[in-house]
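# dropping the sequence and predicted coords here.
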Amino acid sequence: MPDREITRRGLMLVLSSPSGAGKTTIARKLLEREPNLKMSVSATTRPRRRGEVQGIDYQFVDASAFGEMVNRGELLEHAKVFGHYYGTPRKPVEAALAAGRDMLFDIDWQGTQQLAQSARSDLVSVFILPPSTAELERRLKGRAQDSDEVVASRMALAADEMSHWPEYDYIVINVEVEGSIAEVRAILVAERLRRARQIGLVDFVRRLQQGQ
């Protein structure tokens, strides 16, 4: 049977968006519906929020420990966002890809650029856009987790973040969350079938051509 002869290298699925556009909700639903997709747990110097769990939501570290991780080359990417550092630990991601498991990343354009430089063939990048600026502001205020000042700073940053959309492989306009989830799942299905990710495909086709 083909599934015994052909295995697949995992991929890195990146979701980026301005804050409030819906990528976190989409990511959570994808993880619920795609058993072979696992969240990449970032390291961060940001203080832990209520309800967050060490090692599940983030790997919370202090600035000194984060700097050591950077210096030792232990991060695939890292960036400073809203005054705090975030980065992706290298080892768990590389192990997952080699085992055929897909990793989901909720990172910004800076991190995506770094991943593209270090592992472009494994990367599938999706930028989530809001349907309008007014809707983006409504969603930010509706989360009720940030002050008016923070909401204003996120809105001010949104235009710059959205200017990076041409750097991504796919664009999803998040008008309605279920539709957006379906679109991202369709992207995931197609990317899993890419010829370059099918390990053993060359030998399988050769045997077909030989009548085996």
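Right, received. Where do you want to start?

# when you work out contacts or count neighbours from here on, use the C-alpha atoms and nothing else.
Will do.

# and V124, which of the three is it?
Under the three-state scheme (DSSP: H, G, I helix; E, B strand; the rest coil), V124 adopts strand.

# what about the closest residue to R48 other than its chain neighbours, neighbour count?
Of all residues not flanking R48 in the chain, F60 sits nearest, at 7.1 Å (C-alpha to C-alpha, 6 or more residues apart in numbering). F60 has 21 neighbours, counted by other C-alpha atoms under 10 Å.

# who's in contact with F60?
A43, T44, T45, R46, P47, R48, Q54 (C-alpha atoms under 8 Å, 6 or more residues apart in numbering).

# name the helix or strand for the closest residue to the first one other than its chain neighbours, please.
In this structure, A43 finds its nearest non-sequential neighbour in Q59, 4.4 Å apart by C-alpha to C-alpha, 6+ apart. Here Q59, judged by DSSP states H and E, is contained in strand 59-60.

# same thing with E32?
Using DSSP H and E, E32 sits in helix 23-33.

# what comes up buried for that helix?
Across helix 23-33, burial judged by 16 or more other C-alpha atoms under 10 Å covers K23, I26, A27, L30.

# contacting residues for the residue nearest to A43?
Q59 sits next to V41, S42, A43, T44 when contact means C-alpha under 8 Å, 6+ apart.

# and with 10 Å instead?
V41, S42, A43, T44, T45, R46, R48, V53, Y86, G87, T88, P89 (C-alpha atoms under 10 Å, 6 or more residues apart in numbering).

# farthest-apart pair in those, please.
Farthest pair in those (C-alpha to C-alpha) is R48 and P89. Separation: 18.1 Å.

# the more surrounded of the two?
Using other C-alpha under 10 Å as the criterion, R48 and P89 rank with P89 on top: 21 against 15.

# so which residues of this protein form helices?
In the chain, the helices defined using DSSP state H lie at 2-5, 23-33, 63-71, 90-98, 109-119, 133-143, 148-162, 177-192, 201-209.

# related to what we said a few turns ago, from the buried residues of helix 23-33, which has minimum pLDDT?
Least confident of the buried residues of helix 23-33 in the model: K23, at 89.

# got any ranges where this protein has weak pLDDT?
For the chain, the stretches with pLDDT under 70 are 1-4, 143-146.

# ok, Q117 - contacts?
Contacts for Q117 (C-alpha under 10 Å, 6+ apart) come out as L76, E77, G111, L123.

# err, L188, not the other one
Neighbouring residues of L188 by C-alpha under 10 Å, 6+ apart: L11, M12, L13, E34, L37, D102, V124, A182.

# pull out the buried members of these.
Neighbour-count burial (16+ other C-alpha under 10 Å) is assigned, among the contacts of L188, to L11, M12, L13, L37, D102, V124.

# could you find the closest non-adjacent residue to the last one?
Distance criterion C-alpha to C-alpha, 6+ apart; nearest residue to V124, sequence neighbours excluded, is L13 at 4.9 Å.

# any idea how far the one you found is from Q212?
Separation of L13 from Q212 (C-alpha to C-alpha, to the nearest Å) stands at 36 Å.

# run through the residues that contact G67.
By C-alpha under 10 Å, 6+ apart, the neighbours of G67 are V61, Y85.

# from Y85, how far out is it?
9 Å.

# ok now stretch 17-34, how far from the chain's centre?
9 Å (C-alpha atoms, centre = their mean, to the nearest Å).
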